[in-house]
Each structure stands twice: as structure tokens, then as C-alpha cells.
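# Provided below are the primary sequence and the corresponding predicted coordinates.
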Amino acid sequence: MAQASTARAARPAEGFDLKSASLNLLAFVPKSVELADIEAEFERRLGDTPDMFEHDPVLIDLAQLPRSSAEDEAGQGQLTLDQDAAQAALDLTALVALLRRHRMQPVALRGGNATERAQALAAGLALAPDDALEARAETRTVEVVREIVREVQVEVPVQVAAAAESPRTLVVDRPLRSGQQVYAKGADLVVLAAVNPGAEVIADGSIHVYAPLRGKAIAGARGNTEARIFAASLEAELIAIAGIYRTTENPLPAHVLGKAAQVRLDGEKLVMEALGI
């Protein structure tokens with residue numbers, strides 16, 4: 001007994017565990033190898049909201065870069081990159097620096113040719129193979145479906161439905177002055193007071209302003225095309241839904257200016273409608 005106790009006491013404490021984990025990533029999908037084009041698009045989309053994606057982990061996905069057939073095959077290891085193909089590669093080192101200047105945190109690269117993957121590794125990024133990500137996603141889907149089936153067989157259906165998470169909402173009950181910004185991350189935003197000129201309200205979901213909206217309103221900040229903007233008096237300097245913008249350079253229509261109105265997306269067009277209230 002004494003020897004067994006001594007053996008247990010001599011066992012070193014465990015220093016760490018290695019476990020499987022999943023992480024929601026923001027996918028950055030460049031459509032040009034010209035860094036100047038990407039910088040210009042950053043300024044157009046995020047110039048007024050530089051903190052929108054602060055500290056968000058980012059997966060750089062090169063699936064939509066224009067490629068020649070020879071370069072595509074080279075990226076898959078079937079050919080050796082020639083000088084022309086190498087010149088067509090995106091400068092990953094410069095792109096990572098650009099993302100970090102906008103306070104994003106690039107962590108991995110998906111796709112790309114041999115030159116781009118080498119640059120990604122040198123910049124400290126992980127390589128995320130397309131087939132591995134897709135297989136992992138399919139496995140998670142199957143597991144969730146099976147678990148739901150087991151719950152329906154064992155539990156009362158009402159209890160299963162009650163486990164669903166309710167949509168999140170951030171409520172602001174004070175006026176927002178020029179220079180103030182409110183961001184409802186992963187949620188809808190409800191403002192019960194005026195949004196004054198120079199103030200910004202941003203939400204990943206919809207925005208409801210039960211007072212004059214005179215500043216900037218950006219709904220669907222992470223690409224939710226179903227998001228909407230509602231205002232008791234629509235007088236905004238800028239409105240945007242899922243990256244589709246309208247500024248004071250294009251004045252609001254008379255049928256909604258200063259009136260209760262909603263803004264929604266129809267394809268890639270902002271539609272503004274007066275509310276009969």
C-alpha cells in the first residue's frame with residue numbers, strides 16, 4: 001500500500017491536453033491579385049468603420065482569384081510554376097499586413113498556388129486544405145442530425161424546441177452623439193433615442209431606430225442579406241445592408257425622407273419604403 005501511494009505521488013502532473021476544437025472564422029475572399037485593388041475596396045467598404053472586424057480570426061480563401069489553367073494545375077502540384085505564373089501570385093505577405101492594419105487576425109490560408117502557400121507558411125499561417133474542411137463540415141452535420149434524432153425519440157418534443165437559442169438583441173436607450181459608434185455583434189440593434197449626425201449604428205442583424213436616424217446605419221455587417229433598417233424618421237447620412245451602400249451623394253427619396261420607413265435589399269439594390277404608422 002505504501003509503495004502504491006508513493007507511485008501515485010511520484011506521477012508528474014499533466015501539463016496540457018490536446019483536444020479537437022472548432023472555431024468560427026471570417027472568410028476573406030480576394031478577387032484580384034493586385035493589392036492596390038484590394039486596398040481601394042477596403043477603403044470603400046470599411047473606411048467609415050475601421051473597427052468592424054477588430055480581432056476577428058480570418059481565413060484567407062483564394063478560391064475566387066482569376067487563374068490560368070496552367071497556374072491552377074501548378075497549384076495542385078501537377079506542374080512547376082514558371083516565372084509568369086509566379087508573377088501572377090498574390091503577395092500574401094503584403095495582404096497579411098493589410099488585414100492586420102485593419103485589425104483582423106489572419107490565421108490560415110485556403111487554396112492558392114505553391115508560391116502563395118510558401119508565403120503563407122512564412123507569415124505564420126496554417127494551410128487549410130479544401131477537402132479536409134469540407135469533410136469536417138460534413139461530419140459535424142451528420143453528428144448533429146443523429147443527435148437530434150436521438151433527442152426526439154427520448155425527450156418530449158417541447159423540451160427539444162425550447163433548447164433553441166433565441167436571437168440576440170442589443171438595446172440602446174440614450175441618444176448617440178457625433179463620433180459615437182455602437183456595434184451589435186451577432187445581434188440585432190434597437191435604439192430608443194436619436195442617432196445624430198456623425199454617429200454610427202452597426203449590426204450583424206437588423207437595425208431598429210425608434211427616433212430620428214440622422215447618422216450612419218450599417219445592417220447585415222457580416223453579409224446577412226435578410227437584414228433590414230427601420231427608422232421612425234429616416235434622415236441618414238449613410239445606409240448600408242450587407243455591403244450595399246447609399247450616401248448623401250445620392251439623396252434619400254422624398255417619399256421616405258423624414259418619415260417612418262424601412263430599408264431592405266432586393267438583389268443588390270437598396271429598396272426604401274415608407275411605413276404606414
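Okay, I see it. It should be emphasised that the depicted structure is a prediction, and the values quoted were computed from it without experimental measurement.

# Buried ones in stretch 181-195, by neighbour count?
Neighbour-count burial for stretch 181-195 flags Gln181, Val182, Tyr183, Ala184, Lys185, Ala187, Asp188, Leu189, Val190, Val191, Ala194, Val195 (criterion: 16 or more other CB atoms under 10 Å). C-beta coordinates here come from the backbone N, C-alpha and C atoms, glycine included.

# what about the helices in this structure?
Taking DSSP state H, the helices of the chain run over residues 2-10, 35-46, 69-75, 83-87, 92-101, 114-122, 130-154, 157-162.

# tally of neighbours for the closest residue to Lys185 other than its chain neighbours?
Using CB to CB, 6 or more residues apart in numbering and skipping residues adjacent in sequence, the residue nearest Lys185 is Asp204, 6.0 Å away. Here the count is done by other CB atoms under 10 Å, and Asp204 has 21 residues near it.

# For Asp204, give me its contacts.
Taking CB atoms under 8 Å, 6 or more residues apart in numbering as the criterion, Asp204 is in contact with Ala184, Lys185, Gly186, Ala187, Gly220, Ala221, Arg222, Asn224, Ala227.

# Throw those residues into CSV and include pLDDT, thanks.
Shown next, in CSV, are those (pLDDT from 0 to 100):
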residue, pLDDT
Ala184, 91
Lys185, 89
Gly186, 89
Ala187, 92
Gly220, 92
Ala221, 89
Arg222, 87
Asn224, 91
Ala227, 95
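
# Could you list the low-pLDDT ranges of the stretch 101-250 of the chain?
130-167 (pLDDT under 70).

# before we move on, back to that, so which pair among the buried residues of stretch 181-195 is furthest apart in space?
Greatest spatial distance in the buried residues of stretch 181-195: Lys185 and Ala194, 22.7 Å, computed using CB to CB.
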